[in-house]
Structures are given as structure tokens and as C-alpha cells.
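Colleague: Build me a structure from this.
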Amino acid sequence: MTRDQKDNLFLLVKSLTKSEKRQFKLYVGRLDVNADSKFLSVFNVLDKMKSYDEAAILKSTQVKKQQLANVKAHLYKQILISLKLNPSHQNVRSYIREQLDFASILYHKGLYKQSLKILDKAKEIAMVNEEKNLAYEIVELEKVIESQYITEALVVGPMS
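Modeller: Predicted structure coming up:
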């Protein structure tokens, strides 16, 4: 009895719709250096396969056996990023989480007002959409930023 070897990357590639594959190729193609990349050639080979065959991948691409695991891991990550950027996969939770990330970046750059402004909008969206855990995360980050911002405002303010 033969068992098909299941490969997570192969299963992911096979689960993609035609538009998702197109989106991925556009995403990868935005940088000219990716045109001849090994991970894109592995993607194309996997896309054409009926069942997973590592030997066929090695034979059809310029990837060496030692490189295959890394190339596959990179390809897997790139596909997930492409899917995340695909508008059909956008949802409120992802949007709020993205806004949290942006606010955190601004906070770490010392741009407290901008960060608080983004968090305020994100908190409103979270509350409207009953995303209470995310709203809690937002409030916690607001507390951290406000304590930092107030401290800096007191140091800068009276001396002016």
C-alpha cells in the first residue's frame, strides 16, 4: 500500500485559487530580482505537480538538495504574506492588529501623538466589532504610551 507523502508547502500551493496564484506571482514580481528566484521556480514546479515529488523538484529547478528546505520555508512564508495582503483575506481583526503594529512602530520612534491617534481609531473599530481582547491590548498600549508621552511633555513643556 503506497502512501502519498504530504508536504505542507505542496498542500498550501494546491489550496490556492487561480486568483491567489496570480496575486502571489504579482507580489513576487514587484521586485525584478525575484524574476529568476529559486523559490519562484519551486512554486511553479509545485503548481504543476499532481502529487508531491521531491526528486522532480530538484530535477526541474536549480535548487540543490541542501538548499531545498530553506527555499521551501522561504516560499511558504512568501505565500502567506501574499495571502495576508490579498484584499479577499482582509478582515476586521487583521486590520486592527495591523493598526496596533503601526502604532507600536510609531511609539518606538518616539511619535507618541501619532501612535495614540491610530490607537484611538483602532479602539473604536474594535469596540464596534466586539473585538474585546484587541480593545484590551489597545488600552494597555495606550497606557504605556501615555505614561511615556506625559513624562516627556513634562520634561519638555516647563522648560520652553
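
Colleague: so who does K123 touch?
Modeller: Contacts for K123 (CB atoms under 8 Å, 6 or more residues apart in numbering) come out as A135, I138, V139, E142. In short, each C-beta sits where N, CA and C put it, glycine included.

Colleague: any chance of the residues you listed in JSON lines, plus distance to K123 and pLDDT?
Modeller: Putting the contacts of K123 into JSON lines (distance: CB to CB, whole Å; pLDDT from 0 to 100) gives the following:
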{"residue": "A135", "distance to K123": "6", "pLDDT": "95"}
{"residue": "I138", "distance to K123": "4", "pLDDT": "96"}
{"residue": "V139", "distance to K123": "7", "pLDDT": "96"}
{"residue": "E142", "distance to K123": "8", "pLDDT": "94"}
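
Colleague: Give me the PyMOL select line for those, limited to the buried ones.
Modeller: Burial among those is assessed by 16 or more other CB atoms under 10 Å; the matching PyMOL selection reads:
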select buried, resi 135+138+142
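
Colleague: of the contacts of K123, closest to S115?
Modeller: Taking CB to CB as the measure, S115 lies nearest E142 of the contacts of K123, at 8.8 Å.

Colleague: so what's that closest one up against?
Modeller: Taking CB under 8 Å, 6+ apart, one finds L116, L119, D120, K123 in contact with E142.

Colleague: Most neighbours among those, which one?
Modeller: L119 (25 neighbours; other CB atoms under 10 Å).

Colleague: And the pLDDT for E131?
Modeller: E131 is assigned a predicted lDDT (pLDDT) of 93.

Colleague: correct me, but it touches R97?
Modeller: No - E131 is beyond contact range of R97, at 9.5 Å (criterion: CB atoms under 8 Å).

Colleague: which of the two has more neighbours?
Modeller: More crowded of E131 and R97, by other CB under 10 Å: E131, with 20 against 16.

Colleague: Looking at the protein, which helix is longest?
Modeller: Ranked by number of residues, the top helix in the chain under DSSP state H is helix 132-156.

Colleague: what comes up buried for it?
Modeller: Neighbour counts over helix 132-156 (16+ other CB under 10 Å) mark L134, A135, E137, I138, L141, E142, I145, Y149 as buried.
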